[in-house]
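> Take this sequence and fold it.
(chains A and B)
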Number of protein chains: 2
Amino acid sequence: MSIKLTILGCHSATPRANAFPSSQFLEINNRYFLIDCGEGTQRQMRKYKVGFSKINHIFISHLHGDHFFGLIGLISTFGILNREKELHIYGPKGIKQITELQLRLTSSYVKYKIVFHELSSNKSELIFEDDKVSVRTIPLDHRVYTNGYLFTEKPKPRNLHLDNIKMYDEIEICDYHNLKAGKDFMLSSGEIIPNEELTIPPPKPKSFAYCSDTKYKPDIVPIIENVDLLYHESTFLSGLEELCEKTKHSTAKQAATIAKNANVGKLILGHYSSRYSNLDEFKTEAETVFDCVELGYVGKSYDTSLPIQEEICN
Amino acid sequence: MSIKLTILGCHSATPRANAFPSSQFLEINNRYFLIDCGEGTQRQMRKYKVGFSKINHIFISHLHGDHFFGLIGLISTFGILNREKELHIYGPKGIKQITELQLRLTSSYVKYKIVFHELSSNKSELIFEDDKVSVRTIPLDHRVYTNGYLFTEKPKPRNLHLDNIKMYDEIEICDYHNLKAGKDFMLSSGEIIPNEELTIPPPKPKSFAYCSDTKYKPDIVPIIENVDLLYHESTFLSGLEELCEKTKHSTAKQAATIAKNANVGKLILGHYSSRYSNLDEFKTEAETVFDCVELGYVGKSYDTSLPIQEEICN
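Below you'll find the model as predicted:
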């Protein structure tokens, strides 16, 4: 049970030579998701070796260009590469119209099916679920309709405590399924052996929350409580709260406050305004509120199965 | 009188880590033009120091993604940068609808005016002209409606041959204007001094032709005859003529044949298919037909005022 998150782009607004707009590749419990798709994302995927064929689900937070102008190029490239698998796209209402018009006008009739899941609710809702992972929206507050996304592993079955099981001749292999599912065992004598004695809890399911773009919004805390990794935008540093209010962005301190109140494992910052040249100040500011802070930067991977010092930096 | 052309991208179809789709920045007689705008062009402009404020005219050859998916990002960025000047966009019918829909759905109401010049003619036509430069379309033959573009400097006035002028006391400064315009001078005796004796011809106006994407199309030769620089796509090498016919692209040899028949100064190749790893083969093949061939590659500049060996490579 682990999460690996690779930042393909984490800068705001205009691309620069070494600053790419938002996109992240998430590997969680053998499922693969692309989150946001700013211009140049497909090139970044090639650079950081994200297999195109792994992507079946793309989550777009909102329809500002720095979060989705790379989507049509990626969709077209999938077509050129003769993709046949369905592609599921989650994002605000309008994303279907804009994509289909572009495909029609560019005569890019892709052969694979694109399934659009257009979002319009202002409440957190379950939008994806299979036997490995679930995904919920995190309603955010930005200048246009915006959702963050919460990715959570499904709990695995409990593990068998074989040393203890062997002490009971009556427990047979055909009983293991029920034990893994958490059921107690009744001996022929009528005595009940509690499940906790016969099994070991599985590792805690991991979770990741992506929150960008948004103003400081304390009511997301209950939704993202206890996540292992939180990516929260920090467009500005403290002192520019008025600009945050106007543009509906957050400071590093506000992001850290959300992280602290939600008791997350680690906070990753990003979506830095181009006005800042020294990004270390974002980390310093956030650390005044919350201990475990990392700067998001392009090409960096965060792996929850590794100690912090072994994180991979491409 | 010179032309400087900078290649921002010259690879076909899917972007790769070090391969960018079509875009070129042309400086001609103090006018600045962007030609095609594949995904990532604005980042390439930053990388190769193309000033955003210089761009007032963008020419899109055709509506395939690798030639215009970067346009909406650039237009949005101009808005973020508070551009006020008009922006003129030349391209196939449909480019206005697609751009305006994207601006509307992304709530990117740019403050500057965008003037769309939608093209639909299959004949070469004059689409831009001022006192410095003219631009004509070059109808091409691709899978969708496509134009190349011919950029030509306006002739400068003739230069005064002051040593010869001084030999005639009757010629005064107020006569210079007529001399520069090519008029002969009549002395009070009735004798006519031919203009050629009193002036020196200005440098020959330079010209550049952009031809991408297209199958081999010999009837463009009269339109681009004698241009100083020709960029002609060469997606494939010889041997794949059948694929060229099907996909409506050209081989390096076909591009060179156009260059030879049009008597151009220099041919620049580009739009290479991703199937080729050794691009030198394109140059070798083209040189079997035409002498002065250069491989287009990302970041390279071609300056007609410099000897070939001094060309700038960023």
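> domain assignment for chain A?
A:3-156+A:203-310, A:160-199 (automatic domain parsing).
> for those domains, which one ends up most surrounded?
Highest mean neighbour count of the domains of chain A: domain A:3-156+A:203-310, a mean of 20 (counted as mean count of other Cβ atoms under 10 Å in any protein chain shown). For every residue, glycine as well, the C-beta is placed using N, CA and C.
> do that domain and chain B meet at all?
Yes - residues of domain A:3-156+A:203-310 are located near chain B by Cβ under 8 Å from any Cβ of the partner chain, namely A:13-17, A:20, A:39-40, A:42-43, A:46-47, A:63-65, A:69-70, A:72-73, A:76-77, A:80-81, A:94, A:97-98, A:101-102, A:105-108, A:143-144.
> Tabulate the domains of chain A (JSON lines), appending distance to B:Leu162 and mean pLDDT.
Putting the domains of chain A into JSON lines (distance: least, Cβ to Cβ, whole Å; pLDDT from 0 to 100) gives the following:
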{"stretch": "domain A:3-156+A:203-310", "distance to B:Leu162": "49", "mean pLDDT": "94"}
{"stretch": "domain A:160-199", "distance to B:Leu162": "101", "mean pLDDT": "95"}
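> Quick one: those as JSON lines, columns for distance to B:Ser188 too.
Formatted as JSON lines, these follow (distance: least, Cβ to Cβ, whole Å):
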{"stretch": "domain A:3-156+A:203-310", "distance to B:Ser188": "66"}
{"stretch": "domain A:160-199", "distance to B:Ser188": "116"}
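> mind saving the C-alpha coords of the helix or strand hosting A:Thr284 as PDB?
Secondary structure from DSSP states H and E places A:Thr284 in helix A:280-287. As requested, the backbone C-alpha atoms of helix A:280-287 are provided in PDB (Å, rounded to 0.1, in the frame of the first residue of the first chain):
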ATOM      1  CA  ASP A 280      12.500  28.400  -0.200                       C
ATOM      2  CA  GLU A 281      10.600  31.200   1.400                       C
ATOM      3  CA  PHE A 282       7.400  29.200   0.800                       C
ATOM      4  CA  LYS A 283       8.700  26.300   2.900                       C
ATOM      5  CA  THR A 284      10.000  28.500   5.600                       C
ATOM      6  CA  GLU A 285       6.700  30.300   5.900                       C
ATOM      7  CA  ALA A 286       4.700  27.000   5.900                       C
ATOM      8  CA  GLU A 287       7.000  25.500   8.600                       C
END
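> list the helices and strands that helix packs on?
helix A:252-261, strand A:266-270, strand A:293-295 (3 or more Cβ pairs under 8 Å, 6 or more residues apart in numbering or on different chains; DSSP states H and E).
> these two touch, right, A:Asn159 and A:Pro203?
No - between A:Asn159 and A:Pro203 there is no contact under Cβ atoms under 8 Å: 9.2 Å.
> Quick check: the gap between the residue of the stretch 201-314 of chain A found nearest chain B and A:Ser12.
Shortest the stretch 201-314 of chain A-to-chain B distance, computed as Cβ to the nearest Cβ: residue-wise this is A:Ser274, at 9.5 Å. According to Cβ to Cβ, to the nearest Å, A:Ser274 stands 7 Å off from A:Ser12.
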